[in-house]
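Chemist: have a look at this fold, sequence not included:
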């Protein structure tokens, strides 16, 4: 059964499994103790730290291990803000940061830098967002939902010139190489690159004002309290070194497979938008959105067909609002599918996915009585579509059904109380070449006005 969700968690690398088993026998003792078992554990921990620092691009004494990538982000943001509290409480983030970064910044004065439709920020926009009271800036190295790589080096230069430390969330990109630029803090998560879950890392470069906010503990320079999980740390670093050794060849191979998906999906499935930067992106990840489908049902049907994929769609039982990443990009959120290929993915598995996908999407659209193709022009009366109480993707399906019943230049008003409609109706208009006039308040929900242009 092909597993295509490496961006959520990559399968445990064989090298990590071997290192974990060996370290369970050698690294169980307290590395702070001076007896033989403690010294042996300390040697393992120090060696892992040196190897991790080399892979990250920092000094060993600048890097600590945490209990997760999320914990590293929260510790990094809290420590940097506390260390620079005299500067101010202003934080600059991109609008597409991981939710862990956005949660960590809550309680501070936050400015979100908008992104282009590709999901990338402009360094000039980051520069414009910096203020005299800016204590910290945060920017992911690459987006976890759409794979777009960010201009980290350029933003780091902007921040350095302004005297503002930059925290880089490198969870998705560390497997492929170190983060570029003169960053100040960096975080990562082992299960993203094939290490065991429960291991994160936090690097804080010398000269960055940093005041740990966790409970006092002498371990990990006081920045990550608690007994180190040495076997898991050793396995995490072993897997990072292994995937880095494979990165050049595997990156080229996976990029070729992803290029095939990016090219073939729009040819095989009507009304699909492939999102994210087509060039500056992670090699293993591709995301596309399908009009007129229930995203949760698509994922379930792909699972039944043997494919494990993920989604940033608003159409899931656990997420009744659109993905903040897709919303910030201004792209279609309904029917979103994220494919992220793990190391070693077979070419034939990708080909079979492309064979299965069109039938799955067509079947789901059929259940929802979605339009098969744009309806021909007919009629002369403007219409109001009452989609109140109906969830994504029904409001867009109802709009697509009636747009042909309006003369060119005429308008359709869609009434909807579904939060996803605020993103999906404008995105549909762009995909179908229609004009999105705007939104106005209604007695319930909102009224979305569309003018037919062709």
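Modeler: Received it, and whenever you're ready, just let me know what you need. Given the structure is predicted, the values throughout are model-derived calculations rather than measurements.

Chemist: can you pull out the helices in this structure?
Modeler: Using DSSP state H, the helices of the chain run over 14-26, 36-56, 69-83, 99-104, 123-129, 152-162, 230-268, 295-304, 324-329, 347-367, 394-402, 421-432.

Chemist: so for residue 175, which of the ones you listed sits nearest?
Modeler: Comparing these by their distance to residue 175 (CB to CB), the top pick is helix 230-268, with 4.6 Å. (C-beta placed from N, C-alpha, C; glycine too.)

Chemist: now render the helices of the chain as CSV, adding mean neighbour count.
Modeler: Listed next are the helices of the chain as CSV, based on neighbours: other CB atoms under 10 Å:
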stretch, mean neighbour count
helix 14-26, 17
helix 36-56, 18
helix 69-83, 24
helix 99-104, 19
helix 123-129, 18
helix 152-162, 19
helix 230-268, 19
helix 295-304, 19
helix 324-329, 23
helix 347-367, 17
helix 394-402, 23
helix 421-432, 22
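
Chemist: for residue 135, see how far away residue 108 is.
Modeler: The span separating residue 108 from residue 135 equals 8 Å under the rule CB to CB, to the nearest Å.

Chemist: tell me which of those two has more neighbours.
Modeler: When neighbours are counted by other CB atoms under 10 Å, residue 135 comes out ahead of the other of residue 108 and residue 135, with 24 against 17.

Chemist: contacts only, for the more buried one.
Modeler: By CB atoms under 8 Å, 6 or more residues apart in numbering, the contact list for residue 135 reads 80, 81, 84, 85, 87, 88, 89, 90, 91, 108, 164.

Chemist: ok, back up a step: of all the helices of the chain, which one comes closest to residue 211?
Modeler: Relative to residue 211, the nearest member of the helices of the chain by CB to CB is helix 69-83, separated by 3.9 Å.

Chemist: packing partners for the closest one?
Modeler: Here helix 69-83 touches helix 99-104, strand 134-140, strand 166-169, strand 185-189, strand 200-204, going by 3 or more CB pairs under 8 Å, 6 or more residues apart in numbering; DSSP states H and E.

Chemist: residues making contact with it?
Modeler: Applying CB under 8 Å, 6+ apart, the contact partners of helix 69-83 are 66, 89, 91, 98, 100-101, 103-105, 108, 135-136, 138, 165, 167, 169, 171, 184-185, 187-192, 200-202, 204, 208-214, 223-224.

Chemist: just the buried ones among the residues you listed, please.
Modeler: Buried positions within the contacts of helix 69-83, assessed by neighbour count (16 or more other CB atoms under 10 Å), are 66, 91, 98, 100-101, 104-105, 108, 135-136, 138, 165, 167, 169, 171, 184-185, 187-192, 200-202, 204, 208-210, 212, 214, 223-224.

Chemist: okay if I get the helices of the chain as CSV plus mean pLDDT and distance to residue 338?
Modeler: Below are the helices of the chain laid out as CSV (pLDDT from 0 to 100; distance: least, CB to CB, whole Å):
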stretch, mean pLDDT, distance to residue 338
helix 14-26, 94, 24
helix 36-56, 95, 26
helix 69-83, 97, 18
helix 99-104, 96, 15
helix 123-129, 96, 26
helix 152-162, 97, 22
helix 230-268, 94, 11
helix 295-304, 91, 10
helix 324-329, 92, 10
helix 347-367, 94, 13
helix 394-402, 91, 20
helix 421-432, 90, 17
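
Chemist: can you add distance to residue 449 and give the ones you listed back as TSV?
Modeler: As requested, the helices of the chain are arranged in TSV below (distance: least, CB to CB, whole Å):
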stretch	distance to residue 449
helix 14-26	54
helix 36-56	50
helix 69-83	41
helix 99-104	31
helix 123-129	30
helix 152-162	38
helix 230-268	28
helix 295-304	25
helix 324-329	20
helix 347-367	25
helix 394-402	11
helix 421-432	9
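
Chemist: which one of the ones you listed lies nearest to residue 3?
Modeler: Within those, the stretch nearest residue 3 is helix 347-367; the backing value is 9.3 Å (CB to CB).

Chemist: name the residues that touch the closest one?
Modeler: When contacts are defined by CB under 8 Å, 6+ apart, helix 347-367 is touched by residues 2, 4, 257, 260-261, 264-265, 268-269, 290, 292-294, 297-298, 301-302, 305-307, 335, 339, 341, 372.

Chemist: low pLDDT regions in the stretch 101-250 of the chain?
Modeler: Residues of the stretch 101-250 of the chain meeting the criterion pLDDT under 70: none.

Chemist: looking at the helices of the chain, which is nearest to residue 286?
Modeler: helix 230-268 (4.8 Å).

Chemist: show me what the closest one is packed against.
Modeler: Secondary structure elements in contact with helix 230-268, counted by 3+ CB pairs under 8 Å, 6+ apart, are helix 14-26, helix 36-56, strand 272-275, strand 285-290, helix 347-367.
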